[in-house]
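**Student:** fold the following for me, if possible:
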Amino acid sequence: MSLLRELFGGELPNLVMFDLDGTLIDSVPDLAAAVDVMLGQLGRDAAGVEQVRHWVGNGARVLVRRALAGDIEHAHIGEAETEQALALFLEAYAGDHSRSTIYPGVRALLDRLQDEQVPLALITNKPSRFVPELLADKQLDGYFRWLVGGDTLPVQKPDPAALHWVMQQAGVEAGQALFVGDSRSDVLAAKAAGVPVVAVSYGYNHGRPIASENPDLLVDSLDALI
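**Tutor:** You can find the predicted model right below:
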């Protein structure tokens with residue numbers, strides 16, 4: 001029996017919701033390039049890929065604030081400074097996703113779920129304007145029935161609102177749904193929604209092991225679920 005069926009008493013879930021960055025796609029190289037363009041335009045030193053890898057996961061605004069602070073803590077960064085930098089970052093990020101890559105095992109799982117006619121959704125804190133173009137660029141745009149970006153609803157993960165919204169659209173109860181993510185925000189959102197959660201070990205969790213968040217299942221590759 002597959003790991004996925006084991007989670008659901010021998011059946012497949014009636015809905016699978018995925019995070020995007022750090023779960024399906026390694027987008028940090030493109031995000032880091034845009035951050036460094038922004039910092040350069042502001043006369044600051046580049047941050048680099050490894051720094052940005054620790055900062056991503058909470059949406060573009062928080063990423064920009066962390067880059068301005070040079071640290072994961074960013075409370076002292078002002079709103080005017082944030083708005084100026086955010087505009088520069090979004091402009092830099094919009095044009096090019098060529099450095100982003102799909103993680104191994106992702107397409108195999110998506111294909112299997114699609115073959116089994118399991119409805120799929122994408123819930124990301126990335127600004128919604130970038131989601132369709134990134135999916136299309138990586139040929140992932142045919143899989144997901146629902147797309148929720150970081151600005152689709154008034155709140156982002158770890159708030160469970162997006163998961164509740166998708167389950168309502170799908171007509172699926174929390175116990176029959178699954179969330180798949182890579183970060184503390186993903187696990188907290190799923191637990192708050194009462195949804196079983198699978199975490200991947202390879203994503204972005206601010207430098208901390210995702211196992212410490214106690215997901216229902218931890219995998220090193222998404223094809224391990226099938």
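**Student:** for M17, the count of nearby residues, please.
**Tutor:** As a burial measure, M17 scores 30 neighbours (other CB atoms under 10 Å). Heads up, the C-betas are built off the backbone N, CA and C, glycines and all.
**Student:** report the contact partners of it.
**Tutor:** Counting by CB atoms under 8 Å, 6 or more residues apart in numbering, M17 touches 120-123, 163, 166, 177-180, 195.
**Student:** residues of the longest helix belonging to the chain that come out buried?
**Tutor:** The longest helix of the chain (DSSP state H) is helix 79-94. Buried residues in helix 79-94, defined by neighbour count with 16 or more other CB atoms under 10 Å: 82, 84-86, 88-90, 92-93.
**Student:** before we move on, what about stretch 48-59?
**Tutor:** 51-59.
**Student:** so where's the chain shaky on pLDDT?
**Tutor:** 1 (pLDDT under 70).
**Student:** where along this protein do the helices fall?
**Tutor:** 3-7, 28-41, 49-55, 60-69, 79-94, 106-115, 131-137, 161-170, 184-193.
**Student:** nearest to D151, out of those?
**Tutor:** D151 lies closest to helix 60-69 among the helices of the chain, at 9.0 Å (CB to CB).
**Student:** by neighbour count, which of the contacts of M17 wins?
**Tutor:** Among these, the one with the most neighbours (other CB under 10 Å) is F179, at 32 neighbours.
**Student:** so what's G22 up against?
**Tutor:** G22 sits next to 28, 56-57, 181-183, 200, 202-205 when contact means CB under 8 Å, 6+ apart.
**Student:** out of those residues, the closest to K138 would be?
**Tutor:** Within those, distances to K138 taken as CB to CB reach their minimum at V28, with 14.4 Å.
**Student:** who are the contact partners of the closest residue to the closest one other than its chain neighbours?
**Tutor:** Leaving aside its sequence neighbours, V28 sits nearest to R53 (CB to CB, 6 or more residues apart in numbering; 4.9 Å). Applying CB under 8 Å, 6+ apart, we find R53 in contact with 28, 32, 204.
**Student:** output those residues as CSV; include the columns neighbour count.
**Tutor:** Putting the contacts of R53 into CSV (neighbours: other CB atoms under 10 Å) gives the following:
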residue, neighbour count
V28, 23
A32, 23
Y204, 22
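**Student:** my guess is R61 contacts E83. True?
**Tutor:** No: look at R61 against E83 with CB atoms under 8 Å: they stay out of range, at 9.1 Å.
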